[in-house]
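Engineer: okay, structure incoming, though there's no sequence with it:
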Ligand code: UT7
């Protein structure tokens with residue numbers, strides 16, 4: 001018998017306020033044509049003042065719990081991926097725990113920027129496999145609008161706010177790829193690339209929050225190579241082929257990166273879930289948002305093989321294969 005982490009709920013939340021590319025042209029010297037052609041983004045949601053990361057995360061978590069008819073009291077671990085916490089401490093996860101009225105178990109944040117959700121899934125899966133948790137709320141939530149330099153057209157048009165969540169439950173499987181649940185996870189990082197994508201502030205370095213800085217071309221170049229590598233590794237170790245994947249749900253940073261990665265891996269475009277056009281890049285929230293959207297519109301069905309992958313600041317990158 002093998003312990004598997006099976007998805008029993010999913011949900012998401014997007015702030016009401018939405019900025020279109022036309023709205024962005026009023027803020028910086030840009031155009032709808034440039035943004036769509038280079039990134040595929042058409043609009044992004046922006047959190048209102050009261051919509052903190054923990055607020056968005058709590059809404060997404062409530063939706064995920066509702067979708068599976070899950071009693072919050074049965075959650076014994078919350079793993080929340082974010083690079084934009086409400087506070088330096090306490091963690092955003094503990095605030096969500098309190099907002100959901102959960103008083104048992106444990107809650108903590110993981111920080112791997114855009115790869116955060118893949119890191120959070122891997123962490124939750126390992127807690128479950130070790131027998132340390134039975135029902136884990138895994139959340140990706142971000143308010144990147146708060147750390148953008150709104151005068152820098154090269155970055156401010158790219159990002160948005162939002163949150164997504166899944167609930168993983170320990171169930172028994174036979175250890176084969178036919179099992180439902182997380183089949184494999186692969187995490188990587190290489191800290192030598194810190195200055196390609198970073199925030200120029202922090203409690204210990206500058207005592208400020210700082211703003212996002214990015215060498216877009218460099219990140220782009222590494223992204224396609226790293227993502228293809230981690231996915232190939234994931235498939236090789238699991239003994240699965242790309243054509244067995246029902247849904248490819250990549251981190252939604254840039255349509256061109258998604259298309260290039262899918263092409264390199266031989267994944268048919270009709271099996272790729274795209275939300276970057278509507279959400280922009282929501283960092284750790286992008287994958288759970290896309291998963292929840294594709295589950296709600298019935299693209300992802302129970303038993304489907306789903307591949308998630310992401311790359312972000314650090315650099316960090318990773319992938320996971322999940323049978324829904
Ligand atoms: O989620 C974390 C991972 N992040 C990513 O995956 C982002 C990866 N990088 C990218 O997606 C792309 O590199 C960008 C979308 C950020 C940029 O696209 P690019 O094709 O690499 O453009 P570029 O940075 O080389 O800029 C090309 C031109 C420049 O003008 P010059 O120097 O050629 O005259 C920029 O100044 O486009 C200009 N530009 C803009 N023009 C209109 C940069 N931003 C804008 C803008 N509107 N918003």
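Structural biologist: Everything's here; your move. Values in this document were obtained by computation on a predicted structure and should not be read as measured data.
Engineer: now the stretch 101-250 of the chain against the ligand: closest residue?
Structural biologist: residue 216 (2.8 Å; C-beta to the nearest ligand atom). No exception for glycine: its C-beta is placed from N, CA and C like everyone else's.
Engineer: list the contacts for that residue?
Structural biologist: Applying C-beta atoms under 8 Å, 6 or more residues apart in numbering to residue 216 gives the contacts 154, 155.
Engineer: if we use 7 Å, what do you get?
Structural biologist: Contact partners of residue 216, counting by C-beta atoms under 7 Å, 6 or more residues apart in numbering, are residue 154.
Engineer: list the strands paired with whichever helix or strand residue 108 is part of, with their directions.
Structural biologist: Using DSSP states H and E, the element containing residue 108 is strand 106-110. Sheet pairing of strand 106-110 (DSSP bridges) gives strand 77-81 (parallel).
Engineer: from the chain's centroid, how far away is the strand it pairs with?
Structural biologist: 12 Å (C-alpha atoms, centre = their mean, to the nearest Å).
Engineer: again with stretch 255-265
Structural biologist: Relative to the chain's own centre, stretch 255-265 is displaced by 17 Å; criterion: C-alpha atoms, centre = their mean.
Engineer: what's the answer for stretch 204-211, then?
Structural biologist: Mean-position distance between stretch 204-211 and its chain equals 24 Å (C-alpha atoms, centre = their mean).
Engineer: next: stretch 54-68.
Structural biologist: Centroid displacement of stretch 54-68 relative to its chain, using C-alpha atoms, centre = their mean, is 15 Å.
Engineer: and stretch 176-186, by the same measure?
Structural biologist: Distance, stretch centre to chain centre, for stretch 176-186: 19 Å (C-alpha atoms, centre = their mean).
Engineer: where does the protein have low pLDDT?
Structural biologist: Within the chain, no stretch has pLDDT under 70.
Engineer: can you list the residues of it near the ligand?
Structural biologist: Within the chain, the positions near the ligand by C-beta under 6 Å from any ligand atom are 30, 34, 38-39, 114, 153-154, 157, 216-217, 219-220, 223, 253-254, 257, 281, 312.
Engineer: what about the strands in the stretch 101-250 of the chain?
Structural biologist: Counting by DSSP state E, counting those that start in this stretch, the segments of the stretch 101-250 of the chain that form strands are 106-110, 135-143, 161-173, 181-189, 197-199, 212-214, 247-250.
Engineer: so which of these is the most surrounded?
Structural biologist: Most buried of the strands of the stretch 101-250 of the chain by mean neighbour count (mean count of other C-beta atoms under 10 Å) is strand 135-143; its value is a mean of 31.
Engineer: which helices and strands does it pack with?
Structural biologist: helix 53-67, strand 77-81, helix 116-129, strand 161-173 (3 or more C-beta pairs under 7 Å, 6 or more residues apart in numbering; DSSP states H and E).
Engineer: most tightly packed of the ones you listed?
Structural biologist: Of these, strand 77-81 is the most buried (mean count of other C-beta under 10 Å), at a mean of 29.
Engineer: between strand 135-143 and that one, find me the angle.
Structural biologist: In terms of direction (axes from the mean of the first three to the mean of the last three C-alpha atoms, to 10 degrees), strand 77-81 departs from strand 135-143 by 20 degrees.
Engineer: need the residues that contact the following helix or strand past strand 77-81.
Structural biologist: Elements were assigned by DSSP H and E; along the chain past strand 77-81, the next helix or strand is helix 92-99. In this structure, residues lying in contact with helix 92-99 by C-beta under 7 Å, 6+ apart are 53-54, 57-58, 61, 78-80, 82, 85-86, 107-109, 139, 141.
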